[in-house]
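Chemist: Provided below for reference: sequence and predicted model.
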Amino acid sequence: MPLSPNPYAALKEAAQYVRLFRGKTFVVKVGGDVLAEPKIRKALCEQIALLWSFSIRVVVVHGGGAELDAVCEAMNIPVEKVAGRRVTSPEVLDAAKMVFAGQVHMDLLAELQASGVPAVGLTGLDAGLVKAHKRPPVAVVPDGATESQMVDFGLVGDIDTIDPHVLSHLLEGGFVPVVAPLSGGEDGAIYNTNADTIAASLATALGAEKLFFMLSVPGLLKDLKKASSLIPHATLEELAGFEAKGIISGGMRPKLTAVKTALQGGVPSAHLVSGLAPDALLAEVFTNEGSGTMIVPGIVPGLPVSAGTE
């Protein structure tokens, strides 16, 4: 938050947003690369604790891709990704259960509890929260390619339904649900489901005010090598243009697909924010300037036009 000669100016600025968002629901998706470093995880949990203390209803969805890669490597399990999405063999799924519902999940819950947040851990299987079916082979254009190829992603679940009742009960009780990215089939099968996709689906089902993606980069960048190329605002139409220019690649592709899903499902805005920079989430919520990239369905009167439209 910018410094001011008046020590209360920043507080007054933040107060207008506190009043605006009190009682609203935020879904915060946290990547595994953000959670891997204890100091960074602690700082993020403290920011979430502040949101919760202002009576903002927070749902956290976490990934754990970096940790899953490390476990797979240690167990000599091949790691395969296409267009930023993981191919999940039976062996990878077993590793994902250990990572997503184990190490990463427990570390995040413990840190939230230490920050004073009454966090409750869940997976998509709890109370039928996320029902899915096995994804059939699909045509995908890999990064850097122009032609699509058929890809079998293995034991990856495509979402059929979201039943948010368990989340609603927890939120009403003042708890902060923390959801790991595993889903269940009607036949009892367990699937690895992209955490970005789950976050977008939960945000839509809950009527969330905002959806956040906490990243290892400042936001959506025109040039991945230059933090100064941050795009502060964008619309869905502009996203399509960025994709056509090849600006969107790798792990950013499923994130922006999730952004589209959420915005088209009625979520007013989605935000790509650094999970590494100090207090970036708070700056995005409580200041006029923000800190990352805010994406909205269309042009909002009074909102600056994206720098990416030049």
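Modeler: Noted; the coordinates are in hand. The structure presented is a predicted model; accordingly, all values stated were derived computationally and were not measured.

Chemist: Name the helix or strand for His169, please.
Modeler: helix 165-172 (DSSP states H and E).

Chemist: ugh, wrong one, Val178
Modeler: strand 176-180.

Chemist: which ones are touching Pro90?
Modeler: Gly154, Leu155 (CB atoms under 8 Å, 6 or more residues apart in numbering). All C-beta atoms are positioned from the backbone trio N, CA, C, and that covers glycine.

Chemist: For the helix holding His169, name the packing helices and strands.
Modeler: Where contact means 3 or more CB pairs under 8 Å, 6 or more residues apart in numbering; DSSP states H and E, helix 165-172 is packed against strand 57-62, strand 119-123, strand 176-180, helix 195-206.

Chemist: in this structure, which helix has the most residues?
Modeler: In the chain, assigned by DSSP state H, the helix with the most residues is helix 38-53.

Chemist: Would you mark the buried spots in that one?
Modeler: Residues of helix 38-53 classed as buried: Ile40, Arg41, Ala43, Leu44, Cys45, Glu46, Gln47, Ile48, Ala49, Leu50, Leu51, Trp52 (neighbour count, 16 or more other CB atoms under 10 Å).

Chemist: which residues of this protein score low on pLDDT?
Modeler: For the chain, the stretches with pLDDT under 70 are 1-5, 144, 299-310.

Chemist: Please repeat the previous calculation with a cut-off of 50.
Modeler: In the predicted model of the chain, residues 301-310 satisfy pLDDT under 50.

Chemist: looking at the helices and strands packed on helix 165-172, which is closest to Ser269?
Modeler: Nearest to Ser269, of all the helices and strands packed on helix 165-172, is helix 195-206, at 10.4 Å by CB to CB.

Chemist: Show me the contact partners of the helix or strand just after that closest one.
Modeler: Downstream of helix 195-206, the first helix or strand assigned by DSSP H and E is strand 210-215. With contact meaning CB under 8 Å, 6+ apart, strand 210-215 is reached by 21, 24, 26-31, 34, 44, 196, 199-200, 203, 255, 258-259, 262, 267-275, 281, 284-285, 292.

Chemist: strand partners of strand 210-215, parallel vs antiparallel please.
Modeler: Strand 210-215 has the following sheet partners, assigned by DSSP bridges: strand 25-30 (parallel), strand 269-274 (parallel).

Chemist: mind checking the end-to-end distance for stretch 97-107?
Modeler: Distance across stretch 97-107, first residue to last, is 15 Å (CA to CA, to the nearest Å).

Chemist: quick one: contacts of it?
Modeler: With CB under 8 Å, 6+ apart as the criterion, stretch 97-107 contacts 32, 35, 38, 41, 62-64, 67-68, 71, 121, 123, 178, 180-182, 190, 192.

Chemist: how about a cut-off of 6 Å?
Modeler: Leu35, Gly64, Glu67, Leu68, Val71, Gly121, Thr123, Ala180, Pro181, Leu182 (CB atoms under 6 Å, 6 or more residues apart in numbering).

Chemist: Flag every buried residue along that stretch.
Modeler: Neighbour-count burial for stretch 97-107, counted by 16+ other CB under 10 Å, picks out Val99, Phe100, Ala101, Gly102, Val104, His105, Asp107.

Chemist: Ok, stretch 157-169 next?
Modeler: Under the neighbour-count criterion of 16+ other CB under 10 Å, stretch 157-169 has Gly157, Asp158, Ile159, Ile162, Pro164, Val166, Leu167 buried.
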